[in-house]
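Asks: coordinates only, no sequence provided:
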């Protein structure tokens, strides 16, 4: 994942405007324009972007990347950085680290020492890096497979579902759906707490499931805010 993609995925537009304002730069434009401005004019590097994130945001990113989410803020930041740079090719890594070196005021002697160490380590670490990349792909494939399986089962249920009526239709529908899913996913957990009195209808691994009948926009926004920090994937059935 290149820096621009990482920032686009995990930063809000308001975060980018805050960073630009700190640098005394123009804050208007699309999200991609703001990212380009930070990279081109403020010379922001990956470490500066990661340093801007708080501990909860880093924990969420670790969870989203299927990484361990315990530890100090610095440990979480290091974990995120290591996961990101293993996807870069050598040229991109050197280019980004040159940006880091310039931002941190490295001397040319320090840069040359870093490059020498990097070239030596690259030969040793290359097999490990390939394993990390392979493990990441495997984790992603497993996660995607589970989500697709759940979605397939839900589609199968909806094709044969009984139509409910009356005031309790949402509850009846949820009960019938989760009962159906329990045959394919015995590990399904019902009514999981989200904290502060909120609950989700069901959970399968890191997939949260919530069924709603004609929710308004405020209810959808509230669900999004509750579920996105907790579950790697989530499904809201309307």
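Replies: Happy to help now that I have it. Note that the structure is a prediction, hence the values are computed from the model and not measured.
Asks: CA atoms for contacts and neighbours, from now on please.
Replies: Will do.
Asks: against residue 80, how distant is the residue at minimal distance from the centre of the chain?
Replies: Nearest residue to the geometric centre of the chain (Cα atoms, centre = their mean): residue 64, 3.6 Å. Computed as Cα to Cα, to the nearest Å, the residue 64 to residue 80 distance reads 10 Å.
Asks: what does residue 171 give?
Replies: According to Cα to Cα, residue 171 stands 40 Å off from residue 80.
Asks: between the two, which is the more surrounded one?
Replies: Taking neighbours as other Cα atoms under 10 Å, residue 171 and residue 80 compare with residue 80 leading, 20 against 15.
Asks: tell me where this protein has strands.
Replies: With strands called from DSSP state E, the chain shows them at 189-195, 198-204, 207-211, 233-237.
Asks: chain neighbours aside, what residue packs nearest to residue 184?
Replies: Using Cα to Cα, 6 or more residues apart in numbering and skipping residues adjacent in sequence, the residue nearest residue 184 is residue 153, 7.7 Å away.
Asks: could you measure from the one you found over to residue 181?
Replies: Distance of residue 153 to residue 181, given as Cα to Cα: 7 Å.
Asks: of those two, which one has the most company?
Replies: residue 181 (20 against 16).
Asks: which pLDDT does the model give the residue nearest to the centre of the chain?
Replies: pLDDT, residue 64: 83.
Asks: separation between it and residue 206?
Replies: Following Cα to Cα, the distance that separates residue 64 from residue 206 is 10 Å.
Asks: again with residue 79
Replies: Applying Cα to Cα, the value for residue 79 to residue 206 is 20 Å.
Asks: cool, residue 43 as well?
Replies: From residue 43 to residue 206 the distance is 37 Å (Cα to Cα).
Asks: burial of the nearest residue to residue 111 once chain neighbours are set aside, as a residue count?
Replies: Distances taken as Cα to Cα, 6+ apart put residue 101 closest to residue 111, at 7.1 Å, once the chain neighbours are dropped. Applying other Cα under 10 Å, we find 17 residues neighbouring residue 101.
Asks: same check on residue 204?
Replies: Applying other Cα under 10 Å, we find 20 residues neighbouring residue 204.
Asks: cool, residue 44 as well?
Replies: Residue neighbour count, defined by other Cα under 10 Å, stands at 20 for residue 44.
Asks: with that, I have no additional questions.
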